[in-house]
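Student: coordinates only, sequence not included:
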C-alpha cells in the first residue's frame, strides 16, 4: 500500500482548512450553528470535534439515532463524544419510524438493504427536523473513500448541507482524529454503518480501507492505469477493477439528479 499520511504541518493545515470551511458554510447560510448525527464512529467523532473548534460548543447540536441493529457500545460512544465535547444532544429512536414505514408497505419486510437504507433516510429526516427548527445546517460525516465507491445511502447519510471531511481518505480521517485529540479507542474503532446487525464496512465492501484508499489515490484520483496500480500495490487486478466498477456505478450518488437537456 502507499503512504497517504499527512506530515505534522499538513495535519495542522487540514485542521485549519476544515474549521474555516465549517465557519464559512454556516456564516454564508446565515445559520445559527450546526446539527450532526453521532454514531460513535470515527467520522462523526472527528466532524463533531472540528465543528466545536469552528463554532463553539453552544453552536453544535448532536443527535444520537439508535435503531434495533445499533450496538449498545456504539450508542454509548456516541453519547460519550457529545458529553466530552460538552455539546447539547438528543437521543431519538429510529425504529418506530421504520416500523411505521413497514406497516404502510409490508412488502419491504425482510429486504435487508431496503430497510437498512430506510433507517439511514429516517436519520436524515431527524437531522433536518432539528436543523430547520433551530435554524442550523446539517453537517455530513462522510469521507472521500466512501463517497468514491458510493458507500453511503442516497438521500440518507448523503443528504446534508456540506461535507467537512469529504476530501479525506479513511486513513487520513483516523490520522487527523488522533492529531486533534480523539481517544485512540475511538480513532482505531472498526467502521460500521450499522444498517443491519453485525455489519462492518470492510466486510461489506470486500476490501480493507488501506487497500481501498491506495487504489483510489493511485488509479481513480491518480494517473496510473489499473494494471500499473495492481503492480505497484501488489494487489489483484480484479480488485482494482472492482473498485473502478464501484466508482462508476455510484456516480449518480455524487451528482444532482439529472434532467433532459433543454430543447433548442
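Tutor: Here it is on my side, so go on. In this text the structure is predicted, and so the values were computed from the model without any measurement.
Student: and the closest residue to residue 254 other than its chain neighbours, how many neighbours?
Tutor: Nearest residue to residue 254 in three dimensions, chain neighbours excluded: residue 147, at 6.3 Å (C-beta to C-beta, 6 or more residues apart in numbering). From N, CA and C alone the C-beta is placed, and that goes for glycine too. Residue 147 has 20 neighbouring residues, counting by other C-beta atoms under 10 Å.
Student: Residue 221 now?
Tutor: Applying the criterion other C-beta under 10 Å, we find 12 residues in the vicinity of residue 221.
Student: Now do it against residue 58, distance only.
Tutor: Taking C-beta to C-beta, to the nearest Å as the criterion, residue 221 is separated from residue 58 by 38 Å.
Student: Could you do residue 243 as well?
Tutor: According to C-beta to C-beta, residue 243 stands 42 Å off from residue 58.
Student: Can you pick out the residue with more neighbours from the two?
Tutor: Counting neighbours by other C-beta under 10 Å for residue 243 and for residue 58 shows that residue 243 has the greater number, 25 against 12.
Student: In contact with that one, which residues?
Tutor: With contact taken as C-beta atoms under 8 Å, 6 or more residues apart in numbering, residue 243 is in contact with 149, 207, 212, 215, 216, 219, 220.
Student: which one among the residues you listed gets closest to residue 259?
Tutor: For those, the closest approach to residue 259 (C-beta to C-beta) belongs to residue 149, at 25.6 Å.
Student: Spell out the residue ranges of the helices in the stretch 151-264 of the chain.
Tutor: All helices of the stretch 151-264 of the chain, identified by DSSP state H, counting those that start in this stretch, fall at 170-179, 184-187, 201-205, 209-215, 226-233, 237-249, 251-254.
Student: Would you mind listing the buried residues in the longest one?
Tutor: Buried positions in helix 237-249, judged by neighbour count with 16 or more other C-beta atoms under 10 Å: 239, 240, 241, 242, 243, 244, 246, 247.
Student: for the chain, what helix or strand is lowest in average pLDDT?
Tutor: Sorted by mean pLDDT, DSSP states H and E, the helices and strands of the chain end with helix 201-205, the least confident at a mean of 78.
Student: counting contacts, what elements does that helix pack onto?
Tutor: helix 209-215 (3 or more C-beta pairs under 8 Å, 6 or more residues apart in numbering; DSSP states H and E).
Student: which residues are contacting the helix it packs on?
Tutor: 1-2, 4, 145, 149, 169-172, 191, 201-202, 205, 207, 229, 233, 235, 239-240, 243.
Student: Now, of these, which are buried?
Tutor: Neighbour counting by 16+ other C-beta under 10 Å classes 1, 4, 145, 149, 169-172, 191, 201-202, 205, 207, 229, 233, 235, 239-240, 243 among the contacts of helix 209-215 as buried.
Student: Residues in contact with stretch 171-183: which ones?
Tutor: The contact list for stretch 171-183, computed with C-beta under 8 Å, 6+ apart, reads 4-6, 8, 11-12, 14-15, 42-43, 45-46, 49-50, 53, 143-144, 165, 168, 184, 186-188, 209-210, 213.
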